[in-house]
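*Asks:* sequence and predicted structure are below.
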Amino acid sequence: MISQFFVLSQRGDNIVFRDYRGEVAKGSAEIFFRKVKFWKDDGEGEAPPVFNVDGVNYFHVKEAGLFFVATTRVNVSPSLVLELLRRIARVIKDYLGVLSEESLRKNFVLVYELLDQVIDFGFVQTTSTEVLKSYVFNEPIAVAADHLQPLGPAAIFMAKRMPVTTITKSVVANERGGRKREEIFVDIIENLSVTFSSSGYILTSEIDGTIQLKSYLTGNPDIRLALNEEVSIGRDGGSTYDYGSSFGSGPVILDDCNFHESVRLDNFDVDRTLTLGSTDGEFPVMNYRITKEFKPPFRINALVEESGRLKAEVTIKVHAEFPSSIIADKIMVQLPVPPYTTKVSFELEPGAVGNTTDFKEAKKRIEWGLKKIVGGSEHTLHAKLTFAQELRGNITKEAGPVSMTFTIPMYNASRLQVKYLHITKKSKSYNPYRWESMS
């Protein structure tokens, strides 16, 4: 049971506000934003997803740069409320096509109609896009494509092959003439976490992956997704990667996984197929985790050496381990430096194009951005550090570790694949569009 729900922008502007029970003061949105914004000033780091101020429990998640917040004075399950907030964000995105401040402001009437159906007097009624279609009748107002914010790794790939409006349209939107285009999108999205030693060896590695589906199908057809037949669940020791191949071979071993509530697993143990019932909108079909060793897409080496009483030199090398047919983009490499660093000068390799370098003095770290990296290539950055005082000890213990973020369309380190997507046909002429991507 929640008392209030509201959505705030990154500036703290109140975009959506609904008070269901009148138990919490109206200024709760301002109290929440002030607490989150200045949490670091209290020396406690980032604000946790759940905290209490003056007897009011605040729950929040951040989606597309927006704060989705719920408040209550009673003792409720934090995981329940956080999941509710994520589902509300998903439902709004399903109806608006894209989740942004502009789309919320343009469609505030539709958003409030959705909220009134999802929550009644603080109690959850439904978060199913399919069920809500029977009760919500307002049409979404489309946001101009040139005003849309980046949609994430999957959209980067698909936007190059189809109109942006295709992947950002509402699940209730129709084509011209009132006809709805039958489409379905399947994305495999993986987040990698790898720790290297100073000599470049892998210390820890983990993959958090999701098979994401977005459906615009009508008529409630059954959908079958077939995964690799070599997929197995449970750890049995050893490496999951064959280093003799560019992409690896052999079985895909998942530590654990979970499935969406609409997924039926009748044949999963036999042929690794997932059957989905009627579900509209965007949702994760399957979440999985892998902690066994795998071949990372990049190899990073960092060397930090003293070059004088108040100086040091840093060399960072990034080598792309994937085939030359694949291109990574939006790469950002970060390296924390000693807190007494006052100046950093950079030197890039000859012919470097699309690189950016910066010294964030307030955060005491250097940032190296690369527009793209072609598979098999190597890139190097040299940096000279100037200190305000003499080194206190071993500089290698005061600098680092190196962190790196990137996007690689059509590449997944786990080798998990969707072998085929089968949709139960309603008629001989029924032939929906299918789109698949990996990142």
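*Replies:* That came through, no problem.

*Asks:* give the buried residues for stretch 334-351.
*Replies:* Within stretch 334-351, the residues that count as buried by 16 or more other C-beta atoms under 10 Å are Gln334, Leu335, Pro336, Val337, Pro338, Tyr340, Thr341, Val344, Phe346. Quick note: C-beta positions are derived from backbone N, CA and C, even for glycine.

*Asks:* stretch 94-102 now?
*Replies:* Buried residues in stretch 94-102, defined by neighbour count with 16+ other C-beta under 10 Å: Asp94, Tyr95, Leu96, Gly97, Val98, Leu99, Ser100, Glu101.

*Asks:* and for stretch 273-292?
*Replies:* For stretch 273-292, burial by neighbour count (16+ other C-beta under 10 Å) applies to 273-276, 279-286, 288, 290-292.

*Asks:* same check, this time on stretch 80-94
*Replies:* Residues Val81, Leu82, Leu84, Leu85, Arg87, Ile88, Ala89, Arg90, Val91, Ile92, Lys93, Asp94 are the ones in stretch 80-94 that count as buried (16+ other C-beta under 10 Å).

*Asks:* let's have those residues in JSON lines, adding pLDDT.
*Replies:* What follows is the buried residues of stretch 80-94, written out as JSON lines (pLDDT from 0 to 100):
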{"residue": "Val81", "pLDDT": "96"}
{"residue": "Leu82", "pLDDT": "95"}
{"residue": "Leu84", "pLDDT": "95"}
{"residue": "Leu85", "pLDDT": "96"}
{"residue": "Arg87", "pLDDT": "93"}
{"residue": "Ile88", "pLDDT": "95"}
{"residue": "Ala89", "pLDDT": "94"}
{"residue": "Arg90", "pLDDT": "91"}
{"residue": "Val91", "pLDDT": "92"}
{"residue": "Ile92", "pLDDT": "93"}
{"residue": "Lys93", "pLDDT": "91"}
{"residue": "Asp94", "pLDDT": "88"}
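
*Asks:* most widely separated two among the buried residues of stretch 273-292?
*Replies:* The span of those, defined through C-beta to C-beta, is set by Asp280 and Lys292 at 35.8 Å.

*Asks:* thinking again about what came up before, the buried residues of stretch 273-292 in strands, which ones?
*Replies:* Secondary structure from DSSP state E places Thr273, Leu274, Thr275, Leu276, Gly281, Glu282, Phe283, Pro284, Val285, Met286, Tyr288, Ile290 of the buried residues of stretch 273-292 in strands.

*Asks:* closest to Gly65 out of these?
*Replies:* Gly65 has its nearest neighbour among these in Glu282, at 17.5 Å by C-beta to C-beta.

*Asks:* ok, the residue nearest to that closest one when sequence neighbours are not counted - contacts?
*Replies:* What sits nearest to Glu282 in space, not counting adjacent residues and going by C-beta to C-beta, 6 or more residues apart in numbering, is Lys214, at 4.1 Å. By C-beta atoms under 8 Å, 6 or more residues apart in numbering, the contact set of Lys214 is Ile167, Ile184, Phe185, Asp187, Gly281, Glu282.

*Asks:* would you confirm that the third one contacts Leu213?
*Replies:* Yes: between Phe185 and Leu213 there is a contact at 6.9 Å, judged by C-beta atoms under 8 Å.

*Asks:* more neighbours, those two?
*Replies:* More neighbours surround Leu213 than the other of Phe185 and Leu213, with 25 against 21 (other C-beta atoms under 10 Å).

*Asks:* give me the element the more buried one is part of.
*Replies:* Take DSSP states H and E as the rule and Leu213 turns out to sit in strand 202-215.

*Asks:* the helix or strand that that strand is followed by: partners in the sheet, and parallel or antiparallel?
*Replies:* Toward the C-terminal end, the helix or strand that comes next after strand 202-215 (DSSP H and E) is strand 223-227. Here strand 223-227 is paired, per DSSP bridges, with strand 273-276 (antiparallel), strand 418-423 (antiparallel).

*Asks:* can you lay out those as CSV showing distance to Thr356 and mean pLDDT?
*Replies:* Listed next are the strands paired with strand 223-227 as CSV, based on distance: least, C-beta to C-beta, whole Å; pLDDT from 0 to 100:
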stretch, distance to Thr356, mean pLDDT
strand 273-276, 42, 91
strand 418-423, 36, 88
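
*Asks:* redo the ones you listed as a markdown table? Include distance to Val314.
*Replies:* Listed next are the strands paired with strand 223-227 as a markdown table, based on distance: least, C-beta to C-beta, whole Å:
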| stretch | distance to Val314 |
| --- | --- |
| strand 273-276 | 47 |
| strand 418-423 | 42 |
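
*Asks:* out of these, the one nearest Tyr201 is which?
*Replies:* strand 418-423 (32.8 Å).

*Asks:* and the closest one, what's buried?
*Replies:* Val418, Leu421, Ile423.

*Asks:* by how many degrees do it and strand 202-215 diverge?
*Replies:* Put simply, strand 418-423 runs at 20 degrees to strand 202-215, going by axes from the mean of the first three to the mean of the last three C-alpha atoms, to 10 degrees.
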